[in-house]
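1. Provided below for reference: sequence and predicted model.
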Amino acid sequence: MQLILYRIFLFLYRLAINIAANFNAKAKKWRNGRRHLFDNIATEMVRHGERRIWIHCASLGEFEQGRPVIEAIRKQYPAYKIVLTFFSPSGYEIRKDTPLADYVFYMPLDGKKKSKRFLELVDPVMAIFVKYEFWFYYLCYLSKRKTPTFIISAAFRKDQGFFQWYGGLFRKMLRNFNHVFVQDQQSKDLLAGVGISEKVTVSGDTRYDRVAEIADNVKQFPVVEQFANGNKLLVAGSTWPDDEKMLKESLSSMPENWKIIIAPHEIDQPHIEHIKELFGEDCTLYSKPEDINQKKVLIIDNIGMLSSLYSYGSVAYVGGGFQKGGIHNALEPAVFGLPVFFGPFYQKFVEAKELVDKGYAFPVQNATEFNKSLRELLSRDMDALQANIRAYMQAHTGATTNIMAHLSGQYLR
């Protein structure tokens with residue numbers, strides 16, 4: 001019965017995407033990117049004798065999370081070929097030309113025939129899933145093919161289907177992994193509660209390794225330096241309209257010598273225009289800076305800058321927390337020692353909860369609460385606080401080393 005419901009879900013998902021593609025640009029890319037996909041894969045997979053590792057990431061964030069492991073495999077085992085797949089256009093479109101992979105494709109939507117066809121074409125000697133993405137048929141066929149299969153930086157919550165009375169199909173997916181590398185002890189305990197314990201390791205979160213690497217290789221942006229002009233900066237990253245509305249409401253109450261940089265999650269023209277209208281004369285665009293010294297808000301209207309932008313900040317705000325999907329990457333600012341603010345929906349994220357527990361991150365409900373928390377924060381010894389955050393971040397690196405120690409020798413040669 002559960003498998004029937006899963007197949008119905010796959011059918012409805014594809015139907016919804018095809019309908020949405022008529023008016024939604026992202027859905028259109030999802031649909032069009034999978035046209036002739038198997039033909040394209042077959043054309044690429046012509047070199048016989050290659051040892052291929054299939055690495056799957058849902059989107060761009062998961063790619064960045066898995067990147068340290070991909071880089072380690074590239075460096076330590078260069079004979080292997082990397083086949084990288086994405087589920088979302090936001091990952092594929094940005095990383096389709098990455099030099100870290102030999103082949104980059106969309107992942108065909110799960111299905112009995114499609115998953116079998118994909119695996120026959122790619123013929124991986126190993127499969128690695130990053131954080132989540134549990135697809136029944138793919139995992140079943142990988143198991144039948146006796147392909148070593150792993151999930152890294154996984155995090156589980158007790159409200160997920162794996163741990164419910166109806167979760168038999170979900171638990172079957174988990175049992176198809178040769179090993180599960182989880183972020184924290186709570187995840188391991190939850191898995192043990194459903195009979196999955198011997199093949200689980202608390203390895204940590206590879207994002208700590210990734211942001212540490214980024215912090216060691218920050219980019220410089222003269223326009224940002226000109227905008228700052230000696231003022232303190234609040235860097236707001238991956239924002240959505242609800243975040244931007246709150247920041248607008250907070251702007252007039254912020255200290256006089258503070259400015260805001262906003263790097264929205266979506267940089268399509270309608271969204272950028274919306275932000276411009278929201279902040280009015282107080283803002284200017286990064287791509288077309290006007291009277292930049294006098295402006296209070298700088299809007300970043302391109303991609304690829306955010307992780308280094310945080311290095312200019314004194315405090316950070318991470319977007320997404322006013323949506324049930326939750327916040328974006330809070331570790332990117334924290335690695336620079338920045339205290340982090342975000343909206344109320346953050347409980348799904350282990351790293352965010354730990355930052356809150358340590359007093360390094362601050363969830364807020366509205367502009368009034370944000371301004372109050374910011375004033376209280378600035379009354380503290382900021383130098384000492386930032387030093388403590390940097391030390392905390394450094395102490396949590398090492399997940400990549402833990403994962404590679406397990407894979408090396410037994411699975412990678």
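-> The structure has been received and is ready for your questions.
2. pLDDT score for Tyr132?
-> For Tyr132, the model assigns a pLDDT of 84.
3. enumerate every residue touching it.
-> By CB atoms under 8 Å, 6 or more residues apart in numbering, Tyr132 lies in contact with 58, 62, 151, 154. C-beta here means a position set from N, CA and C on the backbone, and glycine is covered the same way.
4. for the last one, phi and psi?
-> Summarising the backbone geometry of Ala154 under the convention degrees, to the nearest 10, its torsions are phi -80, psi 150.
5. quick check: phi and psi at the residue lying closest to it once chain neighbours are set aside.
-> Spatial nearest neighbour of Ala154, excluding adjacent residues (CB to CB, 6 or more residues apart in numbering): Val182 at 5.0 Å. Note on Val182: its backbone torsions stand at phi -110, psi 160 [degrees, to the nearest 10].
6. again with the one 10 residues further on
-> The phi and psi torsions at Ala192 (degrees, to the nearest 10) take the values phi -60, psi -30.
7. which residues in the stretch 151-300 of the chain form strands?
-> 179-182, 200-202, 232-239, 258-264, 283-285, 297-299 (DSSP state E, counting those that start in this stretch).
8. and the contacts of the second one?
-> Yep, that's strand 200-202 we're talking about. 179-185, 187-188, 191-192, 402, 406.
9. can you pull the contacts of the residue nearest the centre of the chain?
-> Nearest residue to the geometric centre of the chain (CA atoms, centre = their mean): Gly61, 2.2 Å. Contact partners of Gly61, counting by CB under 8 Å, 6+ apart, are 91, 328-329.
10. and it, that one's in a strand?
-> No - read with DSSP: H, G, I helix; E, B strand; the rest coil, Gly61 is helix and lies in no strand.
11. so where's this structure uncertain?
-> The chain contains no residues with pLDDT under 70.
12. where do the helices sit along the stretch 1-150 of the chain?
-> For the stretch 1-150 of the chain, the helices defined by DSSP state H, counting those that start in this stretch occupy 2-20, 25-33, 37-44, 60-76, 89-95, 112-122, 136-144.
13. make TSV out of these and add distance to Ser287.
-> Shown next, in TSV, are the helices of the stretch 1-150 of the chain (distance: least, CB to CB, whole Å):
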stretch	distance to Ser287
helix 2-20	29
helix 25-33	20
helix 37-44	34
helix 60-76	21
helix 89-95	18
helix 112-122	39
helix 136-144	41
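14. near Gly304, how many other residues are there?
-> Close neighbours of Gly304, defined as other CB atoms under 10 Å, add up to 9.
15. repeat that for Asp268.
-> 12.
16. contacts only, for it.
-> Ala25.
17. before we move on, what about Phe118?
-> Contacts of Phe118 by CB under 8 Å, 6+ apart are 38, 41, 107-108, 138.
18. name the member of these with the most neighbours.
-> Tyr138 (26 neighbours).
19. correct me, but that residue touches Lys116?
-> No - with contacts counted by CB atoms under 8 Å, Tyr138 stays clear of Lys116, the gap being 9.2 Å.
20. before we move on, back to that, Phe342: which of the contacts of Phe118 is nearest?
-> Met107 (29.5 Å; CB to CB).
21. Thr85 is in contact with that closest one, correct?
-> Yes - taking CB under 8 Å as the definition, Met107 is a contact partner of Thr85 at 4.0 Å.
22. overlap in contacts of these two?
-> Joint contacts of Met107 and Thr85 (CB under 8 Å, 6+ apart) are His56.
23. what is the burial count for the closest residue to Pro89 other than its chain neighbours?
-> Distances taken as CB to CB, 6+ apart place Lys29 nearest to Pro89, at 3.8 Å, with adjacent residues excluded. Applying other CB under 10 Å, we find 17 residues neighbouring Lys29.
24. wait, Lys29 touches Gly91, no?
-> No - the pair Lys29 / Gly91 is not scored as a contact, 11.0 Å apart, by CB under 8 Å.
25. what residues are up against Ser143?
-> So Ser143 contacts 149, 176 (CB under 8 Å, 6+ apart).
26. switch the cut-off to 6 Å
-> Asn176 (CB atoms under 6 Å, 6 or more residues apart in numbering).
27. any idea how far it lies from Glu369?
-> Noted for Ser143: a distance of 49 Å to Glu369, by CB to CB, to the nearest Å.
28. how much space separates Pro264 from Glu273?
-> 11 Å.
29. these two: which is more packed in?
-> Set side by side, Pro264 and Glu273 show more neighbours around Pro264, with 23 against 10, by other CB under 10 Å.
30. so that one makes contact with Gly237?
-> No - in this structure Pro264 lies outside contact range of Gly237 using CB atoms under 6 Å: 8.7 Å.
31. how many neighbouring residues does the closest residue to Glu213 other than its chain neighbours have?
-> Counting by CB to CB, 6+ apart, Pro68 is the residue found nearest to Glu213 once chain neighbours are left out, at 7.0 Å. Using other CB under 10 Å, the number of residues around Pro68 comes to 25.
32. next: the one 3 residues further on.
-> Neighbour count of Glu71, defined by other CB under 10 Å: 15.
33. give the contact list for the residue nearest to Arg95 when sequence neighbours are not counted.
-> Spatial nearest neighbour of Arg95, excluding adjacent residues (CB to CB, 6+ apart): Phe63 at 5.6 Å. Phe63 sits next to 57, 91, 95 when contact means CB under 6 Å, 6+ apart.
34. now do 10 Å
-> 55-57, 70, 84, 86, 88, 90-92, 94-95, 98, 100-101, 130, 210 (CB atoms under 10 Å, 6 or more residues apart in numbering).
35. quick one: it and Val69, what's the gap?
-> For Phe63, the distance to Val69 - CB to CB - is 11 Å.
36. that older thread, from what I see, the residue nearest to Ala154 and Ala155 are in contact.
-> Yes - counting by CB atoms under 10 Å, Val182 touches Ala155, with 6.6 Å between them.
37. and the gap between Gly409 and Lys199?
-> Distance from Gly409 to Lys199, by CB to CB: 17 Å.
38. overlap in contacts of Phe63 and Val69?
-> Joint contacts of Phe63 and Val69 (CB under 10 Å, 6+ apart) are 55, 130, 210.
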